[in-house]
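Enquirer: next come a sequence and a model predicted from it.
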Amino acid sequence: MINRDIFVFIKIITSCLTAGFLIFFISALSGEDLIKNSQAVNELDRILEEITDELEGGIDRRIKQLGEIPEINPYKKFYCAEFAKEIHEISYLTEKQKIVFDEYSVREFENKSIRLVGFSESSDLDSLNKELEIVKRELKNSVNLLDKKRKKIIRQRTAYIILFVVLWFAIYFYYGRGILKKQF
């Protein structure tokens with residue numbers, strides 16, 4: 001006869017493996033890739049952290065690093081060019097969010113870049129400030145969208161974990177009363 005502890009150990013291992021395979025097939029049938037979802041959560045966390053850092057003072061630090069706004073035109077034009085470059089780098093964060101959601105538009109980003117270059121060449125600081133405010137609103141919107149998607153993926157993952165545990169216990173008790181009990 002097999003020792004009772006070994007029998008319990010075999011039931012636990014086989015029920016765990018069976019529940020794991022069932023979860024894998026259920027998720028595959030529903031079109032979900034659990035490993036890809038886990039990687040997506042990590043990617044969303046990384047992008048959220050970058051955007052949050054910019055919103056919580058990164059943008060202000062970038063503007064302060066540019067110094068005071070010069071009044072003389074060649075220096076003002078250079079300042080506007082640097083300011084436009086900073087706005088362009090900040091707006092790239094919203095583009096990362098669009099890439100994650102498969103909503104990235106090369107034309108839209110190109111038009112935004114051309115508009116920024118035009119404002120910097122004409123030394124139009126007011127228009128650049130308006131663009132910065134638009135980018136800030138886009139960043140806040142991106143944070144909300146990323147957080148919503150992250151929460152959805154985490155809820156799905158939690159549901160699969162709960163389903164795994166329920167299946168594991170059900171299969172454990174099934175093996176305890178069924179197939180393995182008859183063989184040993």
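Expert: Looks like it arrived, so ask away.
Enquirer: which parts of this protein are helices?
Expert: 4-29, 34-53, 59-66, 73-100, 106-121, 125-177, 179-183 (DSSP state H).
Enquirer: okay, the ones you listed, which one's buried deepest?
Expert: Mean neighbour count (mean count of other C-beta atoms under 10 Å) peaks for helix 73-100 among these, with a mean of 17. C-beta: built from backbone N, CA, C; applies to glycine.
Enquirer: so which elements touch that helix?
Expert: With contacts defined as 3 or more C-beta pairs under 8 Å, 6 or more residues apart in numbering; DSSP states H and E, helix 73-100 has these neighbours: helix 34-53, helix 59-66, helix 106-121, helix 125-177.
Enquirer: switch those helices over to TSV; also include mean pLDDT and distance to residue 17.
Expert: Below are those laid out as TSV (pLDDT from 0 to 100; distance: least, C-beta to C-beta, whole Å):
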stretch	mean pLDDT	distance to residue 17
helix 34-53	86	16
helix 59-66	83	51
helix 106-121	84	47
helix 125-177	87	9
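Enquirer: for residue 21, which of those helices is the nearest?
Expert: helix 125-177 (9.8 Å; C-beta to C-beta).
Enquirer: ok and the closest one relative to helix 59-66, angle-wise?
Expert: 140 degrees (axes from the mean of the first three to the mean of the last three C-alpha atoms, to 10 degrees).
Enquirer: and helix 125-177, what does it pack onto?
Expert: Using 3+ C-beta pairs under 8 Å, 6+ apart, helix 125-177 sits against helix 4-29, helix 34-53, helix 73-100, helix 106-121.
Enquirer: returning to what we had before: kindly reformat the helices and strands packed on helix 73-100 as TSV containing distance to residue 27.
Expert: Output for the helices and strands packed on helix 73-100, formatted as TSV (distance: least, C-beta to C-beta, whole Å):
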stretch	distance to residue 27
helix 34-53	5
helix 59-66	40
helix 106-121	33
helix 125-177	6
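Enquirer: of all these, which one comes closest to residue 89?
Expert: Ranked by C-beta to C-beta, the member of the helices and strands packed on helix 73-100 that lies closest to residue 89 is helix 59-66, at 7.9 Å.
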